[in-house]
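Sequence plus predicted model, see below.
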Amino acid sequence: MQRNFQRYLGPVFKRAQLNQLRTEALRSAQFEGKGIQSMEYSAFEIDEVPIVIPPEFNGKDYVSFLLCIDAEIEHGLMLQYLYAAYSLGGPQIPPDYQDQIRGAQEVILGIAKEEMGHFISVQNVLKLIGAPLHFERQDYPWDTPFYPFPFKLEPLTLQSLAKYVYAEAPQSWLDSDDADARKIVKMVKDEVPHPNTVGALFEVLRKLINDPTVIPDDAFQADTYPQQAKFDEWGRGYQGGQRGNATGAGMAGAPDVLVMPLASRDDAYNAVTEIAEQGEAATAPDSDSPSHFERFLKIFQLLEGISNTPGVNWSFSRNLAVNPEILSNTDDPESSPSEGQIADEEVDVITNVEAQNWGHLFNIRYRMLLNFLTHSFVLDNGYNNVGAISPRGMIINSTFGEMYNLRSIASVMVQIPLLENPGPIDENTKFAGPPFLVPYSLQLPTGEHNRWRAHQDLIEASDPIIRTLLNQVKPHNQRYLYSLLEADAKLLQVIQELTAACSCTTNQ
């Protein structure tokens, strides 16, 4: 998020301050005699405090702005959780602990998938109110006073896990005397002096969306429903936590991935409410839908217990790069486009040539995923069908395909040394990790012909990198690369058919 946007977040910051004042007021009440000391709480009833729309916005436009901020947060958290999950495991973990670590990895991957659902559902709300879609995210090392903590790709540690608990935690828990809450707040503030939670954002969004004087009824466009994401398309195998707790290592049950198509004000309000509740709501111990906060807290307690076990002197994560980066010109380290923006200690530069090529391939496939996802929001089931080909169905299938490709490539990268000449491989060797490079643009071209051509461009950009890797990698990785070439050839053939069919509609 650009720093000049901070001036527009006054209403959200004010809401957060009022929440804090209310908490402090309630905690200051003294027990005397038979009851609680008399105290005036009306000043802290924030539901009645008006939200003042900043200048330069009307109500709908301000809601659109806040939804874009939420989309960036969901996107950023999703990637940080994925990177943390990819880091878990490794040959250093004793056999007796491997199932526990694998279970923790599975739970975090499940949470990341739910963040993907949140990210998609926010796009549905934007689509419903006629606002631009927003697929951007924060990049390291920039921070703002509103994000939970600075974006950072890092291996999972108790320190980083504490940040994830904090980001998802209800404010009431963070302000409580719970021993875990006090410990986590201290750990986070030792690294991030001013961490944030997103509860105030959701409070403001819900209040504004539900107010017809802020957004009129005619702003909610039910006719966008066919282009919105739907659970039966995007929730494959994720209902009831089917992909979030297969080993039984997580809490009993797991929630659905939230992908909610919308047609009304009530739908939008409920979508924002459910996203907030899936993140931070406290639930009953036997609930079928434990929140992100509860699951992260359980993992923190598990891993802390393992770390405190006598004789445990191993890490539950691989020694991965922090904020991995591939320089634009490896012959000139000073040519990094990040020079002057990122301190040396905040990035790990990948110099291993094989890891660099896997990283380039990862970045292209990440961009392909985002482009496919963006394109899905301008297609419906009957739009530009070509014979038996459904463009929307093909785009959604391709998006899922890239999700699997990213995990496959990441699983290779976390086993390749970061440096070209790492020396003997031991516990001090640092390994590469997926760089998740922010694309230069997430806007698709105007016109269906050009949109399909943009997908073709990226497939063609992948081809030489894959062929270079085939001469560098081990045989078992060659099998994956050959299968990727075959899948790309089939996809490219379909895209070329669609490009030809749409060539007369370049100005849609």
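Sure thing, it's come through.

So which residues of the chain form helices?
Assignment of helices within the chain using DSSP state H yields the ranges 10-27, 59-87, 95-128, 158-168, 171-174, 179-191, 199-209, 231-234, 265-280, 292-307, 353-376, 391-413, 448-470, 475-501.

what about these, which gets the closest to Asn313?
Minimum separation from Asn313 across the helices of the chain (Cβ to Cβ) falls at helix 292-307, 9.6 Å. Every residue, glycine included, has its C-beta placed from N, CA and C.

What residues of the closest one count as buried?
Within helix 292-307, the residues scored as buried using 16 or more other Cβ atoms under 10 Å are 292-300, 302-303, 306.

Can I get that helix in CSV? Just the C-alpha atoms.
Taking Å, rounded to 0.1, in the frame of the first residue of the first chain, the C-alpha atoms of helix 292-307 are listed here in CSV:
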residue,chain,number,x,y,z
HIS,A,292,-7.3,-19.2,12.1
PHE,A,293,-6.5,-17.7,15.5
GLU,A,294,-7.3,-20.8,17.4
ARG,A,295,-5.5,-23.1,15.0
PHE,A,296,-2.4,-20.9,14.9
LEU,A,297,-2.4,-20.8,18.8
LYS,A,298,-2.6,-24.6,19.0
ILE,A,299,0.4,-24.9,16.6
PHE,A,300,2.3,-22.3,18.7
GLN,A,301,1.6,-24.3,21.9
LEU,A,302,2.6,-27.6,20.2
LEU,A,303,5.9,-26.3,18.8
GLU,A,304,6.7,-24.4,22.0
GLY,A,305,6.2,-27.6,23.9
ILE,A,306,8.5,-29.5,21.5
SER,A,307,11.2,-26.8,21.7
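
for the record, mean pLDDT for that helix?
Confidence over helix 292-307 (mean pLDDT, whole number) is 94.

one step back: compare the helices of the chain and give me the one nearest Asp217.
Closest to Asp217 of the helices of the chain, according to Cβ to Cβ: helix 265-280, at 6.7 Å.

the inter-axis angle of that closest one versus helix 95-128?
Computed with axes from the mean of the first three to the mean of the last three Cα atoms, to 10 degrees, the direction of helix 265-280 lies at 160 degrees from that of helix 95-128.

Give me the residues contacting helix 265-280.
The list of residues contacting helix 265-280 from outside it, by Cβ atoms under 8 Å, 6 or more residues apart in numbering, reads 70, 74, 114, 118, 121-122, 124-125, 128-129, 168-170, 197-199, 202, 205-206, 209-210, 212, 215, 217, 220, 255, 258, 260-262, 289, 291-293.

so which of the helices of the chain gets nearest Leu320?
Ranking these by distance to Leu320, with Cβ to Cβ as the measure, places helix 59-87 first at 4.8 Å.

In terms of mean pLDDT, which of the helices of the chain ranks lowest?
When the helices of the chain are ranked by mean pLDDT, helix 10-27 comes last with a mean of 60.

Pull out the buried members of the contacts of helix 265-280.
If you count burial by 16+ other Cβ under 10 Å, the buried members of those come out as 70, 74, 114, 118, 121-122, 124-125, 128-129, 168-170, 197-199, 202, 205-206, 209, 215, 220, 255, 258, 260-262, 289, 291-293.

hey, what's the closest residue in space to Gly433 that isn't next to it in sequence bridged with?
When the adjacent residues along the chain are set aside, Gly433 lies closest to Leu320, with 4.3 Å between them (Cβ to Cβ, 6 or more residues apart in numbering). Beta bridges link Leu320 to Phe431, judged by DSSP bridges.

Roughly how far does Leu320 sit from Leu369?
Applying Cβ to Cβ, to the nearest Å, one obtains 21 Å for the distance of Leu320 from Leu369.

Lys207 too?
With distances taken as Cβ to Cβ, Lys207 is found 34 Å from Leu369.

and what of Ile209?
Using Cβ to Cβ, one gets 29 Å for the distance from Ile209 to Leu369.

just Leu491 next, same as before
From Leu491 across to Leu369, the span is 13 Å (Cβ to Cβ).

Just give the number of residues close to Arg367.
Burial of Arg367, expressed as a neighbour count using other Cβ atoms under 10 Å, amounts to 20.

if I pick it, what's in contact with it?
Counting by Cβ under 8 Å, 6+ apart, Arg367 touches 437, 439, 458.

Would you mind pulling the contact partners of stretch 472-484?
353-354, 357, 405, 408, 412, 462, 466, 469-470.
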